[in-house]
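> with the sequence up front, the predicted model follows.
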Amino acid sequence: MQAFTRVTAVAVPIDLPNVDTDRVIPARFLRKDKNVPEYASFLFHDVRFNADGSEKPEFVLNRQGFRGAGIVVAAENFGCGSSREAAVWALAAYGVRSVIAPSLGDIFHQNCFKNGLLPVILPADVAADLRRQLHAKPGLTITVDLEAQTVTAPEGARHRFDVDAFRKEMLLNGRDEIGLTLGYEAQIAEFEARRAREMAWAVPPRAGA
Amino acid sequence: MSSARTMFEKVWAPHVVAEGPGGHVLLYIDRHLLHEGTTAAFGRLAKSGRRVRRPDLAFATADHYVQTSPASPGPDAEGRGMIESLARYTADQHIVHFGVGDARRGIVHVIGPEQGLTVPGVTLVCGDSHTATHGAFGALAFGIGSSEVEHVLATQTLWQKKPLTMRISVEGRLATGVSAKDVILAIIATIGAGGGVGHAIEYAGSAIRAMSMDERMTVCNMSIEAGARAGMIAPDATTFAFIEGRPFAPRGDAWAQALAYWKTLPTDAGAVFDREVTLAAADIAPTVTWGTSPQDALPITARVPDPENVPDAGRRESMTRALAYMGLRPGTPLGEIAVNRVFIGSCTNSRLDDLRAAARVVKGRRAVVPAWVVPGSGLIKRAAEAEGLDRVFVDAGFEWRDAGCSMCVGMNGDLAGAGERVASTSNRNFEGRQGKGARTHLMSPAMAAAAAVTGRLTDVRALGA
């Protein structure tokens, strides 16, 4: 997994609350391999492009200054709905490294961590103020520093954010989570043995019928 | 500190394998349900040279990409490839697979309970956000992403941080014509689409206790539409009666042991939740959505709301956008909105109780718009046919289809056209969910049936059903 330490990038404001993952990547693209070169074009596809493939000029990522943004500053409950990790893959393919919002869909939030993308929760008024600054002058950058746990706004203010110690360490070092967990093999095996003794019912009968 | 514990805590604690930093724990997973949309995880696992740790705890079916009628366009090469990959991977790994051609095949959240795989006190995950459905049995069930699917396949565990808890109590009796779907839509409208973020919900109260398992599953199913990854209901005699004798349910001594344990799971009196919400059952009416978020729900007797009356600028803008997408004008009575088609199905509302409720409305009437019924599983289809429900639907001009996710997910060829307005028993009215430009109104099976026979959103109570 790609490590995340500190990223300075152009930030794009997305003002709509409750942006669902169907909007981030429509269902018909879920069958695509995430490594195909056009994957970035699936991001926000139906609100970003017309049927003929031309850009919808009103969509924020198509506006001068925001194109190619590496940070998204969103509103409440961004990434709600479907568990599709493809929503994060599409953001990552586009080059987004961090999503800042007052709240995020729980599953989307988890999926970010697995793909080297840092989700940052900031108070609603702080996020709204960041979006205001970005609208005022498209193309401004924000710095997200995971080590220091700070977001530096275009106007210079620094906002501290919370992140779980576990997720922080995994991201800073780009660690392979499955590899880490396989190191717990002895505990898992012991747990399974105890559960088989004490709660035999918890394993379904093999044949089923 | 009080020793009274919530049901959530009682299910969570015995599954902790190890403590990690930052409050994360390694949580053991008892059941892993798979569908063809999650096959990419198998590929990555194989590529990394890792094995499936507990194939005996994984169960698979094909639902998202399958064709639900010979008349449907059917899956393209990529969709077919996913269905075939799942069959191949599960065969290689000796994972039980209810595949195409097996009568037990169906929507993953329908067949788990149907097969007796979903039982109280277990942890259950699936690469699908509607996994909370299984919480109706007092299981801790939640949806996961593709990386987490791979993690569970390899380790049978997940790193999780304990969520906050919320109890939503619905007290009193539901009025005639008001169903479990109306209850959950009312709950989502009350707490908001993000109201449950970071929480595990317990649904409680006399109205919930009075529900059948099919109805409880409808409620838990849409927990994610309120932002919560998990929703649970305390197991009781209704739960135990549903499970007993099912193919993968505990038997003999194991059944007795399980039953004794399950009875200890309900929340203790005096247990404290991080948040409590109470609704009066009598206040809930047949409900429909008017917008593009499940929180945009109102009683059928209401009118399309006017954004101008909303003080919050952000909310006003999103309402305006939703109404533009939905092609609706503020002030229009919801009961005057004409629909182009009706979809009865999905993991929310495709079970036998749902089909019965719809059939009661349809009987002796005729659909005036294209209307589909898509049973949740092959076994439900068979049971419905044994009761003659298929005849009721077919005689009324409905299409009686095969099991699958169908028009809920917009990825299998079952799509509504741009601008088409759908009365749907599914769970999401997001822009484009049922097809690019399609307009979805969420409602109960009885309300969808009523819309089918009148051609507009209709108060089912007016039809005397």
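Looks like it came in fine.
> mind listing what the residue lying closest to B:G314 once chain neighbours are set aside touches?
Counting by CB to CB, 6 or more residues apart in numbering or on different chains, A:P17 is the residue found nearest to B:G314 once chain neighbours are left out, at 6.0 Å. (C-beta placed from N, C-alpha, C; glycine too.) Listed by CB atoms under 8 Å, 6 or more residues apart in numbering or on different chains, the contact set of A:P17 reads A:75-78, B:194, B:314-315, B:318.
> for A:P17, which three-state class applies?
Recorded secondary structure, A:P17: coil (DSSP: H, G, I helix; E, B strand; the rest coil).
> need the pLDDT of it.
At A:P17, the predicted lDDT confidence score is 95.
> show me where the stretch 51-200 of chain B has strands.
For the stretch 51-200 of chain B, the strands defined by DSSP state E, counting those that start in this stretch occupy B:58-61, B:96-98, B:123-126, B:140-143, B:157-161, B:164-171, B:199-204.
> returning to that earlier point: so which of the contacts of A:P17 wins on neighbours?
Each of the contacts of A:P17 was scored for neighbours by other CB atoms under 10 Å in any protein chain shown, and A:F78 scores highest at 30 neighbours.
> and B:G116, backbone torsions?
Here is the backbone geometry of B:G116 (degrees, to the nearest 10): phi 80, psi 10.
> please name the residues that touch the spatially most central residue of chain A.
For chain A, the residue nearest the mean C-alpha position is A:C112 (3.5 Å; CA atoms, centre = their mean). Under the criterion of CB under 8 Å, 6+ apart, the contact list for A:C112 reads A:88, A:99, A:104, A:118-119.
> also near chain B: which of those, exactly?
Restricting those to those within reach of chain B (CB under 8 Å from any CB of the partner chain) leaves A:88, A:104.
> out of the contacts of A:C112, which sit inside strands?
A:99, A:118-119 (DSSP state E).
> show me where chain A has its helices.
Counting by DSSP state H, one finds helices in chain A at the ranges A:21-24, A:45-48, A:86-94, A:106-113, A:124-136, A:165-172, A:177-182, A:185-198.
> now these in a markdown table, with distance to B:N429 and mean pLDDT?
Written out in a markdown table, the entries for the helices of chain A read as follows (distance: least, CB to CB, whole Å; pLDDT from 0 to 100):
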| stretch | distance to B:N429 | mean pLDDT |
| --- | --- | --- |
| helix A:21-24 | 10 | 98 |
| helix A:45-48 | 15 | 98 |
| helix A:86-94 | 18 | 98 |
| helix A:106-113 | 19 | 98 |
| helix A:124-136 | 24 | 97 |
| helix A:165-172 | 32 | 95 |
| helix A:177-182 | 34 | 96 |
| helix A:185-198 | 41 | 97 |
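> re earlier: and the residue nearest to B:G314, its phi and psi?
When quoted as degrees, to the nearest 10, the phi and psi of A:P17 stand at phi -80, psi 160.
> can you name the residues of the stretch 101-250 of chain B sitting close to chain A?
Residues of the stretch 101-250 of chain B found near chain A (CB under 8 Å from any CB) are B:115-117, B:119, B:121-122, B:127-129, B:143-148, B:150-151, B:154-157, B:159, B:161, B:163, B:193-194, B:197-198, B:224-225, B:227-229, B:247-250.
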